[in-house]
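**Q** I would like the atomic coordinates for the input below:
(one chain, ligands or ions: 1)
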Amino acid sequence: MKEWQINICIKRRFGKGIRDEDMKFHVLTLFPEMIRNITETSIVGRAVKNELISVETINIRDYSANKHMRVDDYPYGGGAGMVMEAEPVYRAIMAAKQDKATRVIYMTPQARVLNQTKVEELALEEELIILCGHYEGIDDRVLQECVTDYVSIGDYVLTGGELGAAVLIDAVSRFIPGVLSNEESSQFESLQDNLLEYPHYTRPELWHDKEVPKVLLSGDHKKIEAWRLEHSKIRTQERRPDLLNQSYQICSLWYGNDATRESAELLTARLSRYGQLYDYNRRKLQKTRTCFQKRQLLIFYLQAEHDTPSERQPARAEGPVYMTLRERYRNLYGQETPYVLIYSSKEEEERMQAETEEFRMHMEKRGFVKLQESIFHPDFSEKEQIRIALQIRANVAEIS
Ligand code: 6GU
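**A** Got it, this is the predicted structure:
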């Protein structure tokens, strides 16, 4: 690792987020006991007790329009099995729905399989309605009218959606601050980088003739991080090679003062456990020819103060001389390498328009592809920061 590639993965700085959001789950089901079971025990149970999340179960049968409390009927067109009627499901949804915009998730094998990105996205909501079907399914008309998200938990068929709902609640709850005792643990995760976790070890050092890898005993954090990244990759190659071509190394290139550095550190850590920072205030780095690969994602951070063209003089006695983007990054080469531009404010975005367009053309010739522009600032709320990180990840997922 080169001297300017400051590895920031050990930095844990999410404590300061001001965030009191909890999460309300409304589960619509014919078998509320199945849901209660998971919400009364373990970590999810503790989170409910501590009022970080709440799980309300609504028995669809209570909304039956029928005096026998029946909720299902024979399918039109014939065939085996029963179909849940639209009306009771509709009434149950309406009972749960205080806010018109609340997302309604239908648990079904006929959907995309839940993944970590979807979980994080759902964790940004304040409330979720989860609909569990049974029998052969639910009358499609109520689904068309009410459901916003279809979620499966894997390519197999279950007897009902309740286990899926339990999985969803568990996975989403981990992202609600305070649910996990160590808040950071949900940020630095396996799968965040589309890589599996490296192997873990604890005492004793020798067990059944097997030793703990020596580097983990060295106390050298840089070496340990490098070892972990390497073994994450090896493990992913062995067990989930399909994930590797969705995996990007985050490289944050910044130029400016401590505010820019902070912005770069924060967003990088939100995007990746293994992100790297390149301090382009360094002349040496500006002069060094640097080639990037296809599987790297470059993030450029702009900063109002330093990037104001009127400040072509030294901004301050100690500050760097203003350089255009193109001058600063003249020695970069890519191979269809995607990049993102980060502005620190809306005003900056407008002011920089002409220059960033010139930069885009310059970069295109050098083998880079612009992915997006965003505004990011360390003072943004935690939610907003996560939203921006998710958006970048979603765009990266689209090109891979
Ligand atoms: Cl969410 N529901 C049901 N019934 N079956 C499934 C599923 C969900 N995910 C995979 N199979």
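
**Q** so which residue of the stretch 251-400 of the chain comes closest to the ligand?
**A** Proximity of the stretch 251-400 of the chain to the ligand (Cβ to the nearest ligand atom) peaks at Ala397, 21.1 Å away. The C-beta positions use only the backbone N, C-alpha and C, and glycine is treated the same way.

**Q** can you name the next helix or strand after the helix or strand hosting Ala354?
**A** Per DSSP states H and E, Ala354 falls inside helix 353-365. Under the assignment DSSP H and E, the closest C-terminal helix or strand after helix 353-365 is strand 368-375.

**Q** next one: that next one to chain centre, how far?
**A** Between the centre of strand 368-375 and the centre of its chain there are 18 Å (Cα atoms, centre = their mean, to the nearest Å).

**Q** just give the closest residue to the residue of the stretch 51-200 of the chain found nearest the ligand, not the sequence neighbours.
**A** Proximity of the stretch 51-200 of the chain to the ligand (Cβ to the nearest ligand atom) peaks at Gly164, 2.6 Å away. Computed as Cβ to Cβ, 6 or more residues apart in numbering, the closest residue to Gly164 that is not its neighbour in sequence is Met107, at 3.9 Å.

**Q** that neighbour against Ile169, yeah?
**A** No - using Cβ atoms under 8 Å, Met107 is not in contact with Ile169; the gap is 10.8 Å.

**Q** hang on, the earlier thing: count the residues that sit near the residue nearest to Gly164.
**A** Residues lying near Met107 (other Cβ atoms under 10 Å) number 28.

**Q** swap in Arg282?
**A** 14.

**Q** before we move on, back to that, partner residues bridging the residue nearest to Gly164?
**A** Per DSSP bridges, the residues bridged to Met107 are Cys132, Val151.

**Q** which ones are touching it?
**A** By Cβ atoms under 8 Å, 6 or more residues apart in numbering, the contact set of Met107 is Ile130, Leu131, Cys132, Gly133, Val151, Ser152, Ile153, Gly161, Glu162, Gly164, Ala165, Leu168.

**Q** now the buried members of the residues you listed.
**A** Buried members of these, counted by 16 or more other Cβ atoms under 10 Å: Ile130, Leu131, Cys132, Gly133, Val151, Ser152, Ile153, Gly161, Glu162, Gly164, Ala165, Leu168.

**Q** how far away is the second one from Ile105?
**A** So the one you mean is Leu131. Counting by Cβ to Cβ, to the nearest Å, the gap from Leu131 to Ile105 is 7 Å.

**Q** need the overlap of contacts for the two.
**A** Common neighbours of Leu131 and Ile105, using Cβ under 8 Å, 6+ apart, are Val147.

**Q** report the distance from stretch 208-218 to the chain centre.
**A** Mean C-alpha position of stretch 208-218 versus that of the full chain (Cα atoms, centre = their mean) differs by 33 Å.

**Q** could I get the average pLDDT for that stretch?
**A** Averaged over stretch 208-218, pLDDT sits at 98.

**Q** residues near the closest residue to Ile105 other than its chain neighbours, how many?
**A** Closest residue to Ile105 apart from its sequence neighbours, by Cβ to Cβ, 6+ apart: Asp149 at 4.5 Å. Neighbourhood size, Asp149 [other Cβ under 10 Å]: 19.

**Q** next up, the contacts around Asp149.
**A** Asp149 makes contact with Arg103, Val104, Ile105, Tyr106, Leu122 under the criterion Cβ under 8 Å, 6+ apart.

**Q** now do the same contact list for the residue lying closest to Tyr255 once chain neighbours are set aside.
**A** Distance criterion Cβ to Cβ, 6+ apart; nearest residue to Tyr255, sequence neighbours excluded, is Tyr280 at 4.1 Å. Shown in contact with Tyr280 (Cβ under 8 Å, 6+ apart): Leu253, Trp254, Tyr255, Gln286, Arg328, Tyr329.

**Q** 10 Å instead, please
**A** Each residue near Tyr280 by Cβ atoms under 10 Å, 6 or more residues apart in numbering is listed here: 4, 253-256, 260, 286, 300-301, 320, 323, 328-329, 332.

**Q** same check on Thr290?
**A** Going by Cβ under 10 Å, 6+ apart, Thr290 touches Lys2, Cys251, Leu253, Tyr278, Leu298, Tyr329, Asn331, Leu332, Tyr333, Gly334.

**Q** specify the beta-bridge partners of it.
**A** Leu332.

**Q** what's the pLDDT at it?
**A** On the pLDDT scale, Thr290 gets 97.

**Q** may I have the secondary structure class of Val179?
**A** coil (DSSP: H, G, I helix; E, B strand; the rest coil).

**Q** Val27 belongs to a strand?
**A** Yes - applying three-state DSSP, one finds Val27 inside a strand.

**Q** pretty sure Lys287 contacts Arg330?
**A** Yes - shown here, Lys287 and Arg330 form a contact pair, counting by Cβ atoms under 10 Å, at 8.9 Å.

**Q** which of the two has more neighbours?
**A** Higher neighbour count among Lys287 and Arg330: Arg330, with 14 against 9, using other Cβ under 10 Å.

**Q** which helix or which strand is home to the closest residue in space to that one that isn't next to it in sequence?
**A** In this structure, Arg330 finds its nearest non-sequential neighbour in Gln286, 7.4 Å apart by Cβ to Cβ, 6+ apart. In this structure, Gln286 sits in helix 283-287 according to DSSP H and E.

**Q** which of the residues in that helix are buried?
**A** Neighbour-count burial for helix 283-287 flags Leu285, Gln286 (criterion: 16+ other Cβ under 10 Å).
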